[in-house]
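Participant: got a predicted structure plus its sequence, pasted below:
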Amino acid sequence: MARITASVYTSHVPAIGAALDLGKSHEPYWQPVFKGYEFSKQWMKDNTPDVIFLVYNDHATAFSLEMIPTFAIGCAAEFTPADEGWGPRPVPKVIGHPELAAHIAQSVIQDDFDLTIVNKMDVDHGLTVPLSLMCDQQTGESAAWPCPVIPFAVNVVQYPVPNGRRCYNLGQAIRKAVESYDRPLNVQIWGTGGMSHQLQGARAGLINREWDNAWLDQLINDPDACAATPHIDYVREAGSEGIELVMWLIARGAMADVAGGAKPTVRHRFYHVPASNTAVGHLILENNI
Ligand code: DHB
Ligand code: FE
């Protein structure tokens, strides 16, 4: 049987990808950001899973405003990094896991979550920047991500977007789906996006360090209460793009304690402001199973 062994949470600021791609990661502005992921890169090497189930949001890249699925599961054999306006990032294509993805779709849809099945999709910074942060920059002929990835896209761009409670419940259904897969795979679930940021309007540049850290405390220690955070709180306290944080609740809902198991171990926690316009938050939680 497959198992979710850990969850990883991280922001996806596109400028982080650009800093890596342009060789700027040692500049004083970026040093503190990448320092926060030194532990994580070693942890990934020591704990490479068989598959990453990567919850992220597309930024009108694969899904234009013409068609916006609320939850979309990538079932393809591979996913190409998208051209977001400056050419595609020079990172490896993402290898999928069609068999596990199809199994999860089957189980989760039977559990009343209406996923969109995606058999062809490009992936943007929402997915590639978390991979770069956790797996280091992969360049050159032999470059490859360390394992297959199932992309799981959530609409947090155009309202109505799903609420935290629904995301949290969906995480529980994903855990159940993974545990009913009959091959012994080590699966990590990642929740990405956030933390506080607002990219437009009168409050552009908003960052709320206090709220972010209180929310992280609650996500770790009382995820059920955290799942009750209404949309308006994210938008008021964490800015319009702070709503990306509901995606972290999918990963948190998939952890063992939510299903009555042991509390996870907080292996790593990091917070830094600013990176571009965004507060960077990062957690690694290990399941004790
Ligand atoms: C920035 C952050 C995002 O989440 C995003 O999708 C685009 C830009 C930023 O901080 O600039
Ligand atoms: Fe974003």
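Facilitator: Perfect, thanks for sending it. Ligands and ions are numbered 1, 2, ... in the order given.
Participant: I'd like the distance between Lys35 and Arg203.
Facilitator: 29 Å (Cβ to Cβ, to the nearest Å). For the C-beta atoms, the positions are set from N, CA and C on the backbone; glycine is no exception.
Participant: residues of this structure that sit close to ligand 1?
Facilitator: With Cβ under 6 Å from any ligand atom as the criterion, the chain comes near ligand 1 at residues 12-15, 59, 197, 199, 241, 276-278.
Participant: just the buried subset of those, written out for PyMOL, thanks.
Facilitator: Per 16 or more other Cβ atoms under 10 Å, the buried members of the residues of the chain next to ligand 1 correspond to this PyMOL selection:
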select buried, resi 12+13+14+15+59+197+241+276+277+278
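Participant: take the residues of the chain next to ligand 1 and keep only those in helices.
Facilitator: Among the residues of the chain next to ligand 1, the residues falling in helices (DSSP state H) are 14-15.
Participant: got the residues of the chain next to ligand 1 as TSV, with pLDDT and distance to Thr80 columns?
Facilitator: Listed next are the residues of the chain next to ligand 1 as TSV, based on pLDDT from 0 to 100; distance: Cβ to Cβ, whole Å:
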residue	pLDDT	distance to Thr80
His12	98	18
Val13	97	21
Pro14	96	17
Ala15	96	22
His59	97	16
His197	98	27
Leu199	97	25
Glu241	98	25
Ser276	97	24
Asn277	95	27
Thr278	97	25
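Participant: what count of nearby residues applies to Thr139?
Facilitator: Neighbour count for Thr139, taken as other Cβ atoms under 10 Å: 12.
Participant: grab the nearest non-local neighbour of it.
Facilitator: Residue nearest to Thr139 in three dimensions, not counting chain neighbours: Pro90, with 6.1 Å by Cβ to Cβ, 6 or more residues apart in numbering.
Participant: return the subset of the residues of the chain next to ligand 1 lying in strands.
Facilitator: Thr278 (DSSP state E).
Participant: so where's the stretch 1-150 of the chain uncertain?
Facilitator: Nowhere does the stretch 1-150 of the chain drop to pLDDT under 70.
Participant: got the residue ranges for the helices in it?
Facilitator: 14-21, 31-35, 38-46, 98-110, 125-135 (DSSP state H, counting those that start in this stretch).
Participant: what do you get for the stretch 151-289 of the chain?
Facilitator: With DSSP H, counting those that start in this stretch as the criterion, the stretch 151-289 of the chain has helices spanning 164-179, 209-221, 223-226, 231-238, 246-253.
Participant: spatially central, which residue of this protein would that be?
Facilitator: Thr192 (2.5 Å; Cα atoms, centre = their mean).
Participant: who does that residue form a beta bridge with?
Facilitator: Thr192 has these beta-bridge partners by DSSP bridges: Thr10.
Participant: quick check: it touching Asp58?
Facilitator: No: under the criterion of Cβ atoms under 8 Å, Thr192 is not in contact with Asp58, lying 11.6 Å apart.
Participant: shared neighbours, these two?
Facilitator: Shared contacts of Thr192 and Asp58, defined by Cβ atoms under 8 Å, 6 or more residues apart in numbering, comprise Gly126.
Participant: contact partners for Pro223?
Facilitator: 168, 249, 252-253, 255, 257-258.
Participant: in CSV, list the residues you listed along with neighbour count, pLDDT and distance to Val266.
Facilitator: As requested, the contacts of Pro223 are exported to CSV (neighbours: other Cβ atoms under 10 Å; pLDDT from 0 to 100; distance: Cβ to Cβ, whole Å):
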residue, neighbour count, pLDDT, distance to Val266
Tyr168, 23, 98, 18
Leu249, 27, 99, 17
Arg252, 28, 98, 12
Gly253, 27, 98, 17
Met255, 25, 98, 11
Asp257, 14, 98, 12
Val258, 18, 98, 15
